[in-house]
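Need a 3D model of the following:
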Amino acid sequence: MATNRDIKYINREFSDLRSQLINFTQTYFPNTYTDFSPASPGMLFIEQSAYVGDVLSFYLDNQIQENFLQYSRQTNNLYELAYMYGYKPKVTGLATVDVDFFQLLPAKTINNNIVPDYDFALYVDSNTQLTSTSGVGFTIENPIDFTVSSSIDPTTVSIAQVAGGDPTYFLLKKTRKATSGTINTTSFSFGAYEEFPTIELNTSNIAGIVDVFDSDNNEWYEVDYLGQELIFEGERNTSSEGEDTPYILNTKQVQRRFATRFLDETTLQLQFGSGNPEDNDEEKIPNPNNIGLGLPSQESKLTTAYSPTNFIFTNTYGIAPSNTTLTIRYISGGGVGSNIASNTLTGVNTSTISFIKSGLDPVTSQYIFNSIAVNNENAASGGQDGDTVEEIRQNSISNFSSQLRAVTPNDYLVRSLSMPSRYGIVSKAYIQKPKADEGDSTLDLYVLTYDINKKLTLASNILKSNLKNYLNEYKIVGDEVAIKDGFIVNIGVNFEIITLPNANNSEVLTRCITEIQDYFNIDNWQINQPIILRELYILLDKIRGVQTVKNIEISNISGTNLGYSQFAYDIKGATQNNVVYPSLDPSIFEIKFPNNDIKGKIVSL
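Alright, predicted model coming up:
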């Protein structure tokens with residue numbers, strides 16, 4: 001008759017398992033085996049069993065541990081967990097730097113005026129590669145058209161050569177942001193159709209995919225996840241309105257798409273959808289007749305939680321490539337070593353540079369083409385190695401707690417300021433609930449942008465339309481955001497100081513004006529930010545040569561005929577307890593012409 005055994009399940013280490021096995025044998029088999037000396041055959045089997053139990057316990061604990069982001073140690077598991085939390089680990093960090101592009105233009109005479117001949121203007125294509133003196137490669141994302149000058153893409157023109165008192169050549173200068181890394185190309189062939197095919201790029205320091213084209217020159221688009229059907233697409237803005245908006249933002253539904261994920265530090269996987277490219281491909285626009293239909297032969301999807309990026313809610317997740325070859329361009333590089341010094345990024349690949357106009361004089365055009373030059377005035381920064389284990393953990397947790405959806409007012413504010421610059425730059429933004437007697441919107445978003453001289457100006461209708469389309473992809477269904485113009489209040493500053501004995505009054509006054517100019521630098525000011533006069537008093541008091549600050553006065557300057565804002569403001573009435581408050585309507589204080597609107601005076605005690 002079997003005897004119930006008292007089995008312990010809490011022992012997990014070798015010594016505990018060994019002791020428990022000895023005790024188990026002594027309890028239930030007292031007459032069968034009694035020799036527990038280290039050299040006995042019975043102890044051989046007991047210790048082997050304890051050893052196996054210890055190893056199994058270790059692997060069990062390890063596997064359980066690897067399921068938790070906070071404790072996982074294996075790189076591949078950390079990457080998988082990070083993607084589960086919606087975070088894409090970085091295997092390299094790219095350095096960025098502003099690069100100046102220069103080209104010469106011959107002079108020509110129009111109506112007795114000597115002007116640059118823009119027939120010889122060059123076009124620098126996107127993804128043009130640059131090289132530093134140390135061999136580090138950089139790439140520009142946005143193209144350069146030297147014939148275009150706008151508030152967000154100004155062209156600086158200066159005289160380069162003079163003969164007989166008249167200019168013979170002009171020098172054009174444009175600035176672009178360059179990112180470290182080189183563009184590499186590889187190809188993958190696909191045979192018969194299969195669902196969710198994957199390919200892998202195996203190399204170090206992969207920063208991302210530049211573009212993917214198949215044998216028929218169809219472009220495949222990268223999306224965050226295969227269920228995302230809508231992407232942003234820019235159409236060049238050819239209208240006369242809105243020089244601050246090079247491209248008009250539209251959304252586009254794409255079937256040829258892929259998602260990427262890193263399997264480890266050197267392997268990037270590209271996964272495609274499951275749709276058969278031989279099936280009919282039709283573009284659907286969501287409307288009450290097709291929302292919730294899903295695919296043919298499937299049940300109704302009316303109880304499904306929809307995403308704005310996959311409104312029809314099909315399960316094909318895009319089509320899969322078949323019987324074709326994909327050409328993939330990707331960028332690699334970066335790291336700490338890409339933080340190059342200033343004035344070292346001087347090489348440029350001219351294969352992607354061409355003249356906009358054809359039929360030019362060959363001698364002059366060759367001279368102009370050879371004049372193209374680049375340089376970085378400042379050192380590059382931002383280059384870093386990939387995420388460490390702890391950074392993957394913390395970034396994943398942080399990403400999981402945030403959302404791509406705009407839910408709170410601050411979500412809309414951050415999303416507005418982060419709109420891609422090619423669709424226009426929102427320089428200042430402020431959001432609030434509308435007043436009780438104004439409109440039917442849920443939120444009022446006030447925006448401003450910069451003009452070509454980096455002065456605040458109203459955003460164009462095209463920029464605001466782009467912003468509306470951009471926010472529509474993130475806002476929740478019940479929100480209605482009205483985009484309005486912020487109010488600009490131009491001000492002047494007059495101050496009086498008493499200098500120390502033997503101080504150079506002119507130098508002290510210059511230092512004071514410079515400090516105030518820096519304080520009112522428009523980059524440091526936001527809509528509805530008050531002016532705290534105490535801060536100005538403390539600022540001037542600290543300047544070398546200043547004994548005391550006697551008075552500081554803020555005044556309003558308005559009038560479009562003088563180049564200022566049209567809005568007048570009662571500064572005196574808005575000042576309480578040495579604080580100048582903005583108006584109830586969202587407004588921002590700006591010193592329009594710092595060299596003229598800041599005036600100082602030295603007075604005696």
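
Just the pLDDT for the closest residue to residue 457 other than its chain neighbours.
Ranked by Cβ to Cβ, 6 or more residues apart in numbering and with sequence neighbours excluded, the top spatial neighbour of residue 457 is residue 451, at 4.4 Å. C-beta coordinates here come from the backbone N, C-alpha and C atoms, glycine included. Note on residue 451: pLDDT of 80.

Residue 451 contacts residue 150, correct?
No: assessed by Cβ atoms under 8 Å, residue 451 is found out of contact with residue 150, at 9.4 Å.

and the residue nearest to residue 457, how many neighbours?
For residue 451, the neighbour count with other Cβ atoms under 10 Å is 16.

Would you map the helices across the protein?
Assigned by DSSP state H, the chain shows helices spanning 14-28, 41-65, 75-84, 362-370, 389-401, 409-417, 461-472, 505-519, 533-541, 594-597.

Now do the last one: distance to the chain's middle.
Which is helix 594-597. 34 Å (Cα atoms, centre = their mean, to the nearest Å).

buried ones in it?
Judged by neighbour count (16 or more other Cβ atoms under 10 Å), helix 594-597 contains these buried residues: 594, 597.

residue contacts, residue 105?
Contact analysis of residue 105 by Cβ atoms under 8 Å, 6 or more residues apart in numbering lists 116, 117, 118, 120, 121, 146, 169, 170, 171, 172, 368.

Now it. Nearest residue, chain neighbours left out?
Nearest one to residue 105, counting by Cβ to Cβ, 6+ apart, is residue 116 at 4.1 Å.

Could you do residue 218 as well?
residue 256 (5.9 Å).

Repeat that for residue 118.
That would be residue 147: by Cβ to Cβ, 6+ apart, it lies 5.1 Å from residue 118.

where does the protein have low pLDDT?
Where the chain drops to pLDDT under 70, the residues are 1-3, 236, 238-244, 246, 279-316, 401-404, 436-441.

Can you give the domain ranges for the chain?
14-65, 95-181+334-375, 184-332, 406-485, 487-602 (automatic domain parsing).

CSV for the ones you listed, including distance to residue 76?
Formatted as CSV, the domains of the chain follow (distance: least, Cβ to Cβ, whole Å):
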stretch, distance to residue 76
domain 14-65, 13
domain 95-181+334-375, 22
domain 184-332, 6
domain 406-485, 32
domain 487-602, 43
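
Which one of these lies nearest to residue 84?
Checking these against residue 84 by Cβ to Cβ gives domain 184-332 as the closest, at 10.7 Å.

how far does that closest one stretch from start to finish?
7 Å (Cα to Cα, to the nearest Å).

what's the nearest residue to residue 43 once chain neighbours are set aside in contact with, if anything?
Leaving aside its sequence neighbours, residue 43 sits nearest to residue 36 (Cβ to Cβ, 6+ apart; 6.1 Å). Shown in contact with residue 36 (Cβ under 8 Å, 6+ apart): 22, 25, 26, 42, 43.

same question, residue 398
By Cβ under 8 Å, 6+ apart, residue 398 lies in contact with residue 87.

how close does it get to residue 90?
Per Cβ to Cβ, to the nearest Å, residue 398 is found 14 Å from residue 90.

could the contacts of residue 36 go into a markdown table alongside neighbour count and distance to residue 510?
A markdown table is the format used below for the contacts of residue 36 (neighbours: other Cβ atoms under 10 Å; distance: Cβ to Cβ, whole Å):
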| residue | neighbour count | distance to residue 510 |
| --- | --- | --- |
| 22 | 16 | 90 |
| 25 | 17 | 95 |
| 26 | 12 | 96 |
| 42 | 17 | 96 |
| 43 | 17 | 92 |
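
out of these, who's nearest residue 136?
When those are compared against residue 136 (criterion: Cβ to Cβ), the nearest one is residue 43, at 64.6 Å.

I figured that closest one was touching residue 37, is that so?
Yes: with contacts counted by Cβ under 8 Å, residue 43 reaches residue 37, the gap being 6.8 Å.

out of everything not next to it in sequence, what's closest to residue 345?
Once flanking residues are discounted, residue 345 sits nearest to residue 376: 4.1 Å by Cβ to Cβ, 6+ apart.
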